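Trainee: missing the sequence, but the structure's below:
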């Protein structure tokens, strides 16, 4: 099971563009068969950049960010 701080991927919405992979600083996202997959990484604080660049809304935050 993945850390609750990792992004949630809706594979039905993912178009396989890979943009989120390019902005993932901790290497938690990989493109497998044109769909984003989360791999287990240590100390990924999830910066939310992948969610911000996802044009289809396939990546969501499992918690609300309050500033």
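Mentor: Yep, it's here. It should be emphasised that the depicted structure is a prediction, and the values quoted were computed from it without experimental measurement.
Trainee: can you pull out the strands in the protein?
Mentor: Assigned by DSSP state E, the chain shows strands spanning 8-9, 29-32, 35-38, 59-60.
Trainee: for the third one, what is the average pLDDT?
Mentor: Okay, so that is strand 35-38. Averaged over strand 35-38, pLDDT sits at 88.
Trainee: list the buried residues in it.
Mentor: Going by neighbour count (16 or more other C-beta atoms under 10 Å), the buried part of strand 35-38 is 36, 38. Just so you know, the C-beta spots here come from the backbone N, C-alpha and C atoms, and that holds for glycine as well.
Trainee: other SSEs contacting it?
Mentor: Counting contacts by 3 or more C-beta pairs under 8 Å, 6 or more residues apart in numbering; DSSP states H and E, strand 35-38 packs against strand 8-9, strand 29-32.
Trainee: follow-up on the earlier one: quick one, which of the strands of the chain gets closest to residue 18.
Mentor: strand 29-32 (4.9 Å; C-beta to C-beta).
Trainee: how far does the closest one sit from its chain's centre?
Mentor: 9 Å (C-alpha atoms, centre = their mean, to the nearest Å).
Trainee: in it, what counts as buried?
Mentor: Under the neighbour-count criterion of 16+ other C-beta under 10 Å, strand 29-32 has residue 29 buried.
Trainee: strands paired with that strand, and their directions?
Mentor: For strand 29-32, the paired strands and their directions (DSSP bridges) read strand 35-38 (antiparallel).
Trainee: what about this structure, any weak spots by pLDDT?
Mentor: For the chain, residues meeting the criterion pLDDT under 70 lie at 1-5, 42-45, 63-67.
Trainee: now do the helices in it.
Mentor: Ranges of helices in the chain, per DSSP state H, are 19-23, 49-53.
Trainee: who does the last one touch, helix- and strand-wise?
Mentor: Right, helix 49-53. In terms of contacts (3+ C-beta pairs under 8 Å, 6+ apart), helix 49-53 is packed against helix 19-23, strand 59-60.
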